[in-house]
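> Could you look at this predicted model? Sequence included:
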Amino acid sequence: MKKVLFACLLLLSAFFVSSCTNPSGTAGRKELLEVKDGLTFSTFEVEEDFELPLISHYGVRITWTSDNSAIVISGDTAVVTRGTTDITVILTATLTLNKLTETKEFTFTVKALPSGSAVTVKFFVTLPENTPMEDQIVIAGNFGSGKPTWNPGDPWGVATRVSTTQATFEIVYEEITEEFAIEYKWTRGDWGTVEKSKENGELDNRRVTVDPSQTEIIVNDVVEKWADMDLPVVKTDQERVDEAKAALVLSISSATENFVLPVTGLNETTISWTSNNEDVITIENENAIVNRPTYTTIVQLTATIQYNDVTATKDFEIMVLGTEPSQDDLDVIAAAAALTLGNLNNLTNNITLPTTGQNGTTITWTSSHPESIAIEVDETGAIGRVTRLDYAVTGITLTATITKNLAKTTKTFTASVRAAAFTVEVTWIIHIPEPLPNAVVITTGSSNNGWNPANLSYGIATKIDDTTYEFKKTFTSANGTNINLQYKWTLQVPGAGFEPWSGEELTLDGVPINNRTLTITRNTTIVEDTVLRWRIPVGGTPESTVVGNLDIASMTDPRLPAAYQTRNIRIWTPAGYDPTDTTKKYPVIYMHDGQNVFDSVTSYAGEWGVDETIASLMEIGGFGGAIVVGIDNTNDRMAEYSYQYPWISGTKRGDLYMDFIIDVVMPYVNENYNALTGRENTIIAGSSMGGLISFFGGLARLETFGVIVAFSTSTQQVSGAATNIPALLETLDAELLSATKFFLYVGNNSDGNAGWPAEYKSYLLAAGVPDANVATYVGDGFTHNEYAWRTHFPLALEWAFGLQVDKTKLQTLYQGLNYKEEDYSANSWMVLENAKSYAAAVLADDDALLTEVVEAYSRLTSAISQLVLVTDMEAANAVDQLIVPLPTVADFTLDDKPAFEQALTAYNALTPSQRKLVKFYYVLDLLSAKLATLEG
């Protein structure tokens, strides 16, 4: 049992819960030192395992090391091993907060074991005759430190069944120094089966004194009756023999070598054996000595069961296989080879089982899991009746026994049965940061509704109170497997024509959250989500988010299918790019799914932000920049992104697509832009299926691409990777392959095979690619979306271009901060504190990546731009409070005009900067239009 030595452990766990719902992250060095100073233990002399804190106030993480094996660290437990002498052990705590660390040492004394003697307590228990042999006999009681206490369900207390009426159990006590007593009762595994008196009365606890002067203590117990069973009926000798005869079975029906026969039976009977053919089987006591004949022979063994003077006999037939196969033997072997059942994986329906085979053979069946596949036979034949349980069942063995006269053989088949289909209603409780206007509803965009939050028919959350909503949805799994759902919450204004994602939920810092993920099982019922911040929905034509210069050219390739020959090519150059300055040339990055690369307006579900990333790296990272070419996808995306290898599934036109890039797109870019040529300056990059074509298309065109960047690659399209990829690599130009750089990324949260980067790296290394040329990265907690790829794309650029870390601009910005907390709203100040804390950690980390420096700089500048004066926020909130109660557009009447005009007047009285802070200003625009219609 672990001992709690750390006085603040309960407080720590309470803080951890709250920190999960309030991730402010504002703590720094001061808070870290505060936790360090407060970290202590109630005692430093230990004899047993004790708990170690792993997380504390302000989100401080604590890891532990030990300088002596007398205390071993295992998770949150210090595992203590005592010796013959006291042992001094130093435990070192490393406290981490963001990028800051501190250490603190604690000196413990592990107390020596007391000297003493070993005592063995042996229990011999006589059981009632009606005790089922298949039942466990379990001792439960108080046996001293380190042993289960009065727990009949603990496997520690399971006795050894010797026979129907006998069981034994043994306890060994080491180093006993003083006398003590143990108390116990006998059970069959729970208190409903505890031993009772003959009259069914409660028994006093049995008691044994353990005396250290005795090395062995023998205890003989008699259980007269079990609580759930009647007193055993006294059987006559004839009844004992009859029951033993009925219970006697042999586990063997055919033999090629000697085997052992049972010589004791049920009810303490004895069994003797005779053979009707001693030339083949001779009986010697319990041993059956087999002398195999030339051809298979049936031998009858007769068992004589005896109790006192009463006897009975029972016959068994044993097939002794001959040393030479008969024609029947050959027939059943051939029939077994010919017997097939088809696909037995993930069964949902009954299966037909043949009862006759070739060569006039007969087939019978058994199932290892009759609860999932039960064998049923009637005059029409046999079937395996499939029953789908609440869970999938694998490893089911169906055994066919093929016979012909005396010849027999078996053949097994492995099957699995799908879990039963299920339908479950999931209820989400959604906590939001502030009340919403009546005109605004909460919806979801998810992997279950095509990521379309504007589809109001899918469902609208129901208001519970001002800051709590409820959303219900029914899910069905026809194949019984869990449902993996990704989703986000959004605000929608029905009838306003706003962009579907313009009101999506954000982090506290104001950026889109990573997709929420949920594994829905048949037992999922209630889910609680907390939204920290919303994007303010906007109407009209959304503004482009492109930073720098973006040209769009339409290009055609007649080699592609007619419907997909023409598409847009998006060519991005950084701000300051001068097309007339041919002395300044740029490497080129070719990316797939071009709609999603630069602009949230054209993206499907968020953009990569490649333009912002490169601009930031150029501003503070010393990056010289790049030209990025985004190639739009078409409805033929799956085929175009699948290269022409037979072990890649589906329709494949990857070779034509790569021809289009190299023969059409690249010449245009090289001719019209200041592009560096040569494979060392040419990168191919993409995600998902785009990652698949980047990897395999890039390998197929090594003479063109020197850097291959593959994010979240759809490796499920690849069969036999362990064989096919190494074989492919062997066919490639070894010199070009070894000179190619690879960046392979995956998230570990519902992003497909999280092990693929390491797996594919092993293939590349085995093919001669230097380890320095292959970078792999696993995004912890990230899923399969643009947010994850946008977050980690800077890592690929930093690695591919060998960018150097420069903290100068970040240091200058950080040191120049002189804002005062009392001047600004709490939320905007918290965003700044989060950014400052992150920047401080990056500045203090000598091993910080350039990507982290850029992130810190961007977060600081963004936080500064979001600072809101307290007076401005109070003024804006006052207007929002007037807007919230206004009715929806559909319900608005002239009776609501005074309340509307009060809110509009208050809004118009604000300064321009204050108006920008009104979250629900758009409701006034919508109601203004409705009022004009009513009065017109």
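Right, received. Where do you want to start? Only a predicted model underlies this, so the values are computations on that prediction, with no experimental measurement involved.
> Only the buried residues of the strand or helix carrying T409, if you could.
Using DSSP states H and E, T409 sits in strand 407-417. Across strand 407-417, burial judged by 16 or more other CB atoms under 10 Å covers 407-409, 411, 413, 415-417. Every residue, glycine included, has its C-beta placed from N, CA and C.
> So for those, which is the shakiest by pLDDT?
Among the buried residues of strand 407-417, K408 carries the lowest pLDDT, at 85.
> who does that one bridge with?
K408 forms beta bridges with T403, as assigned by DSSP bridges.
> quick one, what contacts it?
Residues in contact with K408, defined by CB atoms under 8 Å, 6 or more residues apart in numbering, are 254, 319, 332, 401-402.
> again, 10 Å this time
253-254, 296, 319, 321, 328-329, 332, 361-362, 401-402 (CB atoms under 10 Å, 6 or more residues apart in numbering).
> So P212: helix, strand or coil?
The local conformation at P212, judged by DSSP: H, G, I helix; E, B strand; the rest coil, is coil.
> ok, for it, nearest residue in space, not its chain neighbours?
Spatial nearest neighbour of P212, excluding adjacent residues (CB to CB, 6 or more residues apart in numbering): I176 at 4.1 Å.
> ok, the one you found to S117 distance?
Here the criterion is CB to CB, to the nearest Å. By it, I176 lies 6 Å from S117.
> Neighbour count for those two, which is higher?
I176 (18 against 14; other CB atoms under 10 Å).
> shouldn't the more buried one be in contact with S145?
No. Applying CB atoms under 10 Å, one finds I176 not in contact with S145, separated by 11.5 Å.
> in the stretch 451-600 of the chain, which spans are strands?
Remark: strands assigned in the stretch 451-600 of the chain by DSSP state E, counting those that start in this stretch are 462-465, 468-477, 483-492, 505-506, 516-520, 526-530, 533-534, 549-556, 566-573, 588-591.
> Excluding sequence neighbours, find me the nearest residue to G192.
D228 (5.7 Å).
> Outline the domain layout of this protein.
As recorded under automatic domain parsing, the domains making up the chain are 9-110, 117-226, 237-320, 327-417, 422-534, 549-801, 808-866, 870-935.
> re earlier: restrict the strand holding T409 to CA atoms and write it as CSV.
The C-alpha trace of strand 407-417 is given here as CSV (Å, rounded to 0.1, in the frame of the first residue of the first chain):
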residue,chain,number,x,y,z
ALA,A,407,-9.9,-43.0,-40.4
LYS,A,408,-10.1,-39.5,-38.9
THR,A,409,-8.4,-36.2,-39.1
THR,A,410,-9.2,-32.6,-38.1
LYS,A,411,-8.9,-29.2,-39.7
THR,A,412,-9.3,-25.9,-38.0
PHE,A,413,-10.5,-22.5,-39.2
THR,A,414,-10.1,-19.2,-37.4
ALA,A,415,-13.1,-16.8,-37.4
SER,A,416,-14.1,-13.5,-35.9
VAL,A,417,-17.5,-12.0,-35.2
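> continuing past that strand, what's the next helix or strand?
Trace forward from strand 407-417 with DSSP H and E and the next one is strand 422-431.
> Run me through the strand neighbours of that next one, direction for each.
Strand 422-431 is paired, per DSSP bridges, with strand 468-477 (antiparallel), strand 526-530 (parallel).
> Ramachandran angles for T871?
phi -60, psi -40 (degrees, to the nearest 10).
> Out of the buried residues of strand 407-417, which comes closest to W829?
S416 (57.1 Å; CB to CB).
> Wait, that closest one touches G395, no?
Yes. Between S416 and G395 there is a contact under CB under 10 Å: 7.3 Å.
> Give me the common contacts of these two.
Shared contacts of S416 and G395, defined by CB under 10 Å, 6+ apart, comprise H369.
> just the helices in the stretch 101-250 of the chain please.
Using DSSP state H, counting those that start in this stretch, the helices of the stretch 101-250 of the chain run over 237-247.
> Please apply the same query to the stretch 701-850 of the chain.
Using DSSP H, counting those that start in this stretch, helices in the stretch 701-850 of the chain cover 721-731, 734-738, 756-766, 786-801, 808-815, 826-844, 850-866.
> ok now the third one, how far from the chain's centre?
The reference is to helix 756-766. Distance of helix 756-766 from its chain centroid, counting by CA atoms, centre = their mean, to the nearest Å, is 23 Å.
> can you check stretch 225-241 too?
53 Å.
> CA atoms only: put stretch 188-202 into PDB for me.
Written as PDB, here are the backbone C-alpha positions of stretch 188-202 (Å, rounded to 0.1, in the frame of the first residue of the first chain):
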ATOM      1  CA  ARG A 188     -16.200 -20.000  -2.900                       C
ATOM      2  CA  GLY A 189     -15.300 -16.500  -4.200                       C
ATOM      3  CA  ASP A 190     -17.800 -14.100  -2.600                       C
ATOM      4  CA  TRP A 191     -19.600 -13.500   0.600                       C
ATOM      5  CA  GLY A 192     -22.800 -15.100  -0.700                       C
ATOM      6  CA  THR A 193     -21.000 -18.400  -0.700                       C
ATOM      7  CA  VAL A 194     -19.300 -18.100   2.700                       C
ATOM      8  CA  GLU A 195     -19.100 -21.200   5.000                       C
ATOM      9  CA  LYS A 196     -22.000 -21.600   7.500                       C
ATOM     10  CA  SER A 197     -23.000 -24.000  10.300                       C
ATOM     11  CA  LYS A 198     -25.100 -27.100   9.600                       C
ATOM     12  CA  GLU A 199     -28.200 -25.000  10.700                       C
ATOM     13  CA  ASN A 200     -27.200 -22.300   8.300                       C
ATOM     14  CA  GLY A 201     -26.000 -20.000  11.100                       C
ATOM     15  CA  GLU A 202     -23.200 -17.500  11.000                       C
END
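> Please compute how far that stretch lies from its chain's middle.
45 Å.
> Setting aside sequence neighbours, what's the nearest residue to the residue lying farthest from the centre of the chain?
Of all residues in the chain, D309 has its C-alpha farthest from the mean position, at 66.0 Å, by CA atoms, centre = their mean. Excluding the flanking residues, the one nearest D309 by CB to CB, 6+ apart is D237, at 7.3 Å.
> Correct me if wrong: the one you found contacts Q306.
Yes. Assessed by CB under 10 Å, D237 is found in contact with Q306 at 9.4 Å.
> Between those two, which contacts overlap?
By CB under 10 Å, 6+ apart, the residues touching both D237 and Q306 are T269.
> Neighbour count: those two, which is higher?
Between D237 and Q306, Q306 has the larger neighbour count (other CB under 10 Å), namely 18 against 15.
> just to confirm, which helix or strand has that one in it?
Taking DSSP H and E as the criterion, Q306 maps to strand 297-307.
> Quick one: list the elements packing against the very next helix or strand once past that strand.
Per DSSP H and E, the first helix or strand lying C-terminal to strand 297-307 is strand 310-320. When contacts are defined as 3 or more CB pairs under 10 Å, 6 or more residues apart in numbering; DSSP states H and E, strand 310-320 sits against helix 237-247, strand 254-255, strand 270-275, strand 287-290, strand 297-307.
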